[in-house]
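**Student:** sequence and computational prediction follow.
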Amino acid sequence: MFTMVDPLTCSAGVLLAELSCLEPGLFVMSLLRSVAVEGLSPDDAVSFLQIHERCRSWWESQQVPAMVAAAAIEPRIDEYRVVIPLRDEASLIKICDVIREELSCAMRVSASVMQGEIDMARLLTGPLAATWRAWELGQITRRHVVVMVEAVGRLPGSLMGNDTERAEFTVGCEQFQQRVLARAIKGTVADTRRAAKAAVLAIDSEGQARRRERAKGSRDVWVSPDVDGLSLLIATMATEDALAVMTQINACAHARQHAARANAARESAAGDSLTGRGPTLPALCLGEHRVQALAALILGDDRAPVKAHVNLTIDLATLLSLRDATGDGITAGQVDLTGDGPVCA
């Protein structure tokens, strides 16, 4: 509590200096809310943001015990007997943590995301209690916490299927926090990720081969729609393969860029001699050359038209070019690309 200043009459700078020494909570939040942000000096504005970030971390951390209260500290398995229609048979099915369905609806997230939140809350009230305490104090953010939770999932016994695994995992989490938590408090999320990776390797060096083999099951390639006709092509692969692919892409991209510049120079010289004007098209950046190089490496430079199956939903008037899909929300045509969303006619 305040001992030397009156929070109602002191200047904003003095108030912020006092608040920076207090644990985040409702008291600090209420006084922070009384600060006139528009009149702060740049230095005081930085202090305000620091205190605000600590309070936000504290407030987010308060979901942890509520999540455990809703889902219980241990996974619950419910059994349901399902009768098969038109057959005199019944099947017994078991569902773990069925509460996630209710929680996912209440918080408007997918069931898989909610299961991750439940699992994280259980860890933070158990083997990662020190991490939760640092989060409560505003010393780390939710992003730091997520990195640490994901990292301990690679430690031995993380499934906690029996008492032996639970004890092994608890010890591993204690060692992990001793190695990583101080770094997380002082550093960025990227610093925390590097420290977490090193800690897992130090704690369970013998399990590196096991983790590498298990990680192979997550290799995949998929497309994530973006905006304005672009999509993300994402590949998860072995690091040595990814680096080799990127090296090849860069080599092809630099060659394409060099050829494009040489061609532009020739066109410019020809244009200057005939009309006094050079080319007006902007040169492609290296990133665009990388994209073209990747497409060429996979599909070929002189590739035949590629066929792709897409599902398009379009109203008849727009299909017959009687209406454009760029008007207002009432008269515009409705064109929807499955998996991507609205597209122009």
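**Tutor:** Great, that's in hand. Numbering: from 1, shown residues only.

**Student:** which parts of the stretch 201-345 of the chain are strands?
**Tutor:** 220-225, 231-236, 312-314, 335-337, 341-342 (DSSP state E, counting those that start in this stretch).

**Student:** if I look at residue 101, how far off is residue 114?
**Tutor:** 8 Å (C-beta to C-beta, to the nearest Å). All C-beta spots, glycine's among them, are computed from the backbone N, C-alpha and C.

**Student:** the more surrounded of the two?
**Tutor:** residue 114 (23 against 13; other C-beta atoms under 10 Å).

**Student:** in the helix or strand hosting that one, what counts as buried?
**Tutor:** Residue 114 belongs to helix 111-124 when assigned by DSSP states H and E. For helix 111-124, a neighbour-count test (16 or more other C-beta atoms under 10 Å) marks 114, 115, 116, 117, 118, 119, 120, 121, 122, 123, 124 as buried.

**Student:** turn those residues into JSON lines, columns for pLDDT and distance to residue 10.
**Tutor:** Below are these laid out as JSON lines (pLDDT from 0 to 100; distance: C-beta to C-beta, whole Å):
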{"residue": "114", "pLDDT": "96", "distance to residue 10": "44"}
{"residue": "115", "pLDDT": "95", "distance to residue 10": "47"}
{"residue": "116", "pLDDT": "95", "distance to residue 10": "44"}
{"residue": "117", "pLDDT": "96", "distance to residue 10": "40"}
{"residue": "118", "pLDDT": "96", "distance to residue 10": "44"}
{"residue": "119", "pLDDT": "95", "distance to residue 10": "45"}
{"residue": "120", "pLDDT": "97", "distance to residue 10": "40"}
{"residue": "121", "pLDDT": "97", "distance to residue 10": "39"}
{"residue": "122", "pLDDT": "96", "distance to residue 10": "43"}
{"residue": "123", "pLDDT": "97", "distance to residue 10": "42"}
{"residue": "124", "pLDDT": "97", "distance to residue 10": "37"}
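
**Student:** out of the residues you listed, who's nearest residue 11?
**Tutor:** Distance ranking of the buried residues of helix 111-124 against residue 11, using C-beta to C-beta, places residue 124 first at 38.2 Å.

**Student:** for the closest residue in space to that closest one that isn't next to it in sequence, the count of nearby residues, please.
**Tutor:** Nearest non-adjacent residue to residue 124, counting by C-beta to C-beta, 6 or more residues apart in numbering: residue 132, 3.8 Å away. Counted with other C-beta under 10 Å, residues neighbouring residue 132 total 20.

**Student:** which ones are touching residue 132?
**Tutor:** Residue 132 makes contact with 61, 64, 124, 125, 145 under the criterion C-beta atoms under 8 Å, 6 or more residues apart in numbering.
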